[in-house]
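Q: next one to model:
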Amino acid sequence: QNHLYQQLQRIDPSAGEGFFYDIISTYMEGSQCVIAKLGYSRDHRPDLQQIVIALMVTPQGSPFYWKVLEGNTQDITTLPSLVNELKSRFGLTKCHLVFDRGMVSSDHLDLLEEQGFTYLSAMVSSKRLGVQ
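A: Model (predicted):
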């Protein structure tokens, strides 16, 4: 992943300015995968264990970051560790993230702003975020 990111920056120095981030899951037919768990099934197969994949791509569609997670990982729990990895692994101090409302919480938005990151997302109601 580090190599891919370096190559993307070599080709386009603006590659670190913004990213699309999302979560996907895929179900498993077997029973040998140690991180496969029952969880929210995007495939409408709640009867089967699954894994969750976090994926980040550039605006041009080039993937450079992915992480395979346990099948019961909730989308919202992935954002803080992603921010830490963007800073520590890729040396990002500023960037713009685009993600869906499944990642939004007031704590996460505060974290992004504290770290110098900006974001674009569909928002849940201010009532759900605890904002008056």
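Q: hey, let's count contacts and neighbours off CA atoms from now on
A: Noted.
Q: what are the buried residues along stretch 12-26?
A: 15-23, 25-26 (16 or more other CA atoms under 10 Å).
Q: distance to Asp43, pLDDT and secondary structure added to these, as a markdown table?
A: Shown next, in a markdown table, are the buried residues of stretch 12-26 (distance: CA to CA, whole Å; pLDDT from 0 to 100; DSSP: H, G, I helix; E, B strand; the rest coil):
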| residue | distance to Asp43 | pLDDT | secondary structure |
| --- | --- | --- | --- |
| Ala15 | 32 | 79 | helix |
| Gly16 | 32 | 79 | helix |
| Glu17 | 32 | 86 | coil |
| Gly18 | 29 | 90 | strand |
| Phe19 | 25 | 93 | strand |
| Phe20 | 21 | 95 | strand |
| Tyr21 | 19 | 95 | strand |
| Asp22 | 16 | 94 | strand |
| Ile23 | 13 | 93 | strand |
| Ser25 | 8 | 91 | strand |
| Thr26 | 7 | 91 | strand |
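Q: neighbours around Gly30, how many?
A: Using other CA atoms under 10 Å, the number of residues around Gly30 comes to 10.
Q: try the one 10 residues further on
A: Using other CA under 10 Å, the number of residues around Tyr40 comes to 18.
Q: so who does the residue nearest to Leu4 when sequence neighbours are not counted touch?
A: Nearest residue to Leu4 in three dimensions, chain neighbours excluded: Phe64, at 5.7 Å (CA to CA, 6 or more residues apart in numbering). By CA atoms under 8 Å, 6 or more residues apart in numbering, the residues touching Phe64 are 1-2, 4-5, 56-58.
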